[in-house]
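Quick one, fold the following:
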Amino acid sequence: MNNKINKIFKQYPKDFILITNPKDIFYLTDAEFEGFWLLLAKKKLFAITSQMIKGQIETEFKNKIKIVTDTSFIKALVAIIKQYNVNRLLVDTTELSVSTFTLIEKILKLSNITVKQINSVTNNLRIIKNKDEINNIKTACELVSKIFETVKNKIICGMKEIDIHFLIEQEFAKHHTVASFKTIVASGPNAANPHHISGERKIKKNDIVLIDMGCICNGYCSDLTRTFFVGKPTQYQQKIWNTVKQAHDEAMEKIKPNIKACDIDLTARNIIKTDGFEKYFIHTTGHGVGIDIHEAPAISHKNEAILKEGMVITIEPGIYLKNKFGVRIEDTVLVTKTGFKKLTTAEY
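Model (predicted):
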């Protein structure tokens, strides 16, 4: 068994734990396919699945996991619980429906077995990345940076946002990767919408263009945003861009172990406030990145969590002026022993 699973056994030595979230299962087992539940039980591993997925699990795990199938996942789970005389089952309900949890609870209650909901058992593990995870994120960051620069150099007036969007998708396919989230290409006034959906608007001379994109390497995500001009910006546009870039840079310089997440957010927020644009900064300064594009810790003025070596976060301040334009600049950053390392490398 790997170190990740052993840490969970150490935390819950007497309990049976059901994990159904595919991302958590991937984190614990490296299985890149879905279609099974993972049951951790007193140093035993069970895969609860269907006949359709059984062969994949046998190939992936060899003899390291016991595979249990039945006409339903719940029937298979109940059979295991009863076989091993379990008194309590902990169920990670991160990706489990209320109705499914209620049914498990109802059935096991008839046998005097306690069923308890718990939040993701992997959260405290996933927040700190090991060497392999960092290398995967670093590779994804380097790749998305390269693809961004390739695409940026092809953008000309008359292209539609959606054309640029699919150009990015083509580059992802060329490099055997996929998007880590839905790519955003926003131009002109559309850039004032942080989560704009790439549309039919054509790029015009001297337009402002915001691209938010990421890709995946071995299951781990990257996240990058650049805002640039197809031509020459106005003085006002350049002022906004400069303010966001300063907020981005000073927040990033604040990153090191033992700093509170809220202090990083407030560093960016105070710079934007000083320049008079506080009410136009309408989201947090960043978030954690890993198997999911949004993970802990949130880089928010409300979050007093302490940064630790091995965390990977984004820094992405923005200013959004409705019906005019918006600017966001984002990088993915590793918290190191003495400070930080910027993993995304695209030019600003």
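
what about the protein, any weak spots by pLDDT?
When the per-residue scores of the chain are filtered using pLDDT under 70, the ranges that remain are 1.

Summarise which helices and strands the host helix or strand of Lys146 is packed against.
Lys146 belongs to helix 131-152 when assigned by DSSP states H and E. With contacts defined as 3 or more C-beta pairs under 8 Å, 6 or more residues apart in numbering; DSSP states H and E, the secondary structure elements packing on helix 131-152 are helix 161-174, strand 207-213, strand 216-217, strand 220-221, strand 224-230, strand 331-335. C-beta: built from backbone N, CA, C; applies to glycine.

how much distance is there from the third one to the middle of the chain?
Its chain's C-alpha centre and that of strand 216-217 lie 11 Å apart, by C-alpha atoms, centre = their mean, to the nearest Å.

Next, the angle strand 331-335 makes with the strand or helix carrying Glu250.
Remark: Glu250 resides in helix 235-253, with elements defined by DSSP H and E. Between the axis of helix 235-253 and that of strand 331-335 there is an angle of 20 degrees, by axes from the mean of the first three to the mean of the last three C-alpha atoms, to 10 degrees.

Buried residues, helix 235-253. List them.
For helix 235-253, burial by neighbour count (16 or more other C-beta atoms under 10 Å) applies to 237, 240-241, 243-252.

and the residue nearest the centre of the chain, how far is that from Lys337?
The C-alpha lying nearest the average C-alpha coordinate of the chain belongs to Ile293 (C-alpha atoms, centre = their mean; 1.7 Å). From Ile293 across to Lys337, the span is 26 Å (C-beta to C-beta, to the nearest Å).

Kindly report the same for Met213.
Counting by C-beta to C-beta - Met213 and Lys337 are separated by 30 Å.

Look at the two and report which has more neighbours.
Neighbour tally, Met213 and Lys337, criterion other C-beta atoms under 10 Å: the higher count belongs to Met213, 28 against 8.

from what I can see that one touches Cys221, true?
No - proximity of Met213 to Cys221 does not meet the contact threshold set by C-beta atoms under 8 Å, at 11.0 Å.

Domain-wise, how is this structure divided?
Structural domains annotated on the chain: 3-126, 131-342, as defined by automatic domain parsing.

Find the one among the ones you listed with the highest mean neighbour count.
With neighbours defined by mean count of other C-beta atoms under 10 Å, none of these is more surrounded on average than domain 131-342, at a mean of 19.

Can you get me the start-to-end distance on that domain?
For domain 131-342, the first-to-last residue distance is 16 Å (C-alpha to C-alpha, to the nearest Å).

can you check stretch 332-342 too?
The distance separating the two terminal residues of stretch 332-342, taken as C-alpha to C-alpha, comes to 6 Å.

roughly how far out does it sit from the chain middle?
On the basis of C-alpha atoms, centre = their mean, stretch 332-342 sits 17 Å off its chain's mean C-alpha point.

In PDB, could you pull the C-alpha coordinates for stretch 171-183?
Taking only C-alpha atoms (Å, rounded to 0.1, in the frame of the first residue of the first chain), the coordinates of stretch 171-183 have been written out as PDB:
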ATOM      1  CA  GLU A 171      -3.000  22.800 -29.700                       C
ATOM      2  CA  PHE A 172      -4.000  20.800 -26.700                       C
ATOM      3  CA  ALA A 173      -4.800  17.800 -28.900                       C
ATOM      4  CA  LYS A 174      -1.500  18.200 -30.800                       C
ATOM      5  CA  HIS A 175       0.300  18.000 -27.500                       C
ATOM      6  CA  HIS A 176      -1.700  15.000 -26.200                       C
ATOM      7  CA  THR A 177      -3.400  16.900 -23.400                       C
ATOM      8  CA  VAL A 178      -6.900  18.200 -22.600                       C
ATOM      9  CA  ALA A 179      -8.200  21.400 -20.900                       C
ATOM     10  CA  SER A 180      -8.300  21.400 -17.100                       C
ATOM     11  CA  PHE A 181     -11.400  23.600 -17.400                       C
ATOM     12  CA  LYS A 182     -13.400  25.300 -20.100                       C
ATOM     13  CA  THR A 183     -11.100  27.800 -21.800                       C
END
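
Need the contact partners of it.
Outside stretch 171-183, the residues that touch it by C-beta atoms under 8 Å, 6 or more residues apart in numbering are 140, 143, 147, 150-151, 165, 168-169, 197-198, 211-217, 221-223, 293.

try it again with 7 Å
Outside stretch 171-183, the residues within contact range by C-beta atoms under 7 Å, 6 or more residues apart in numbering are 143, 147, 150-151, 165, 168, 198, 213-217, 221-223, 293.

now stretch 275-290
Under the contact criterion C-beta under 7 Å, 6+ apart, stretch 275-290 has outside partners 126-127, 129, 133, 137, 194, 220-221, 223, 243, 251, 264-265, 268-269, 272, 294-300, 311-321, 332.

swap in stretch 187-207?
Applying C-beta under 7 Å, 6+ apart, the contact partners of stretch 187-207 are 155, 157-162, 165, 183-186, 208-210, 227, 229-232, 283, 318, 320-326, 328.

What are the boundaries of the helices in the stretch 51-200 of the chain?
Across the stretch 51-200 of the chain, reading from the start of the chain, the helices by DSSP state H, counting those that start in this stretch fall at 51-61, 73-83, 98-109, 123-126, 131-152, 161-174.

export the domains of the chain to a markdown table and tack on distance to Tyr348?
Formatted as a markdown table, the domains of the chain follow (distance: least, C-beta to C-beta, whole Å):
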| stretch | distance to Tyr348 |
| --- | --- |
| domain 3-126 | 30 |
| domain 131-342 | 7 |
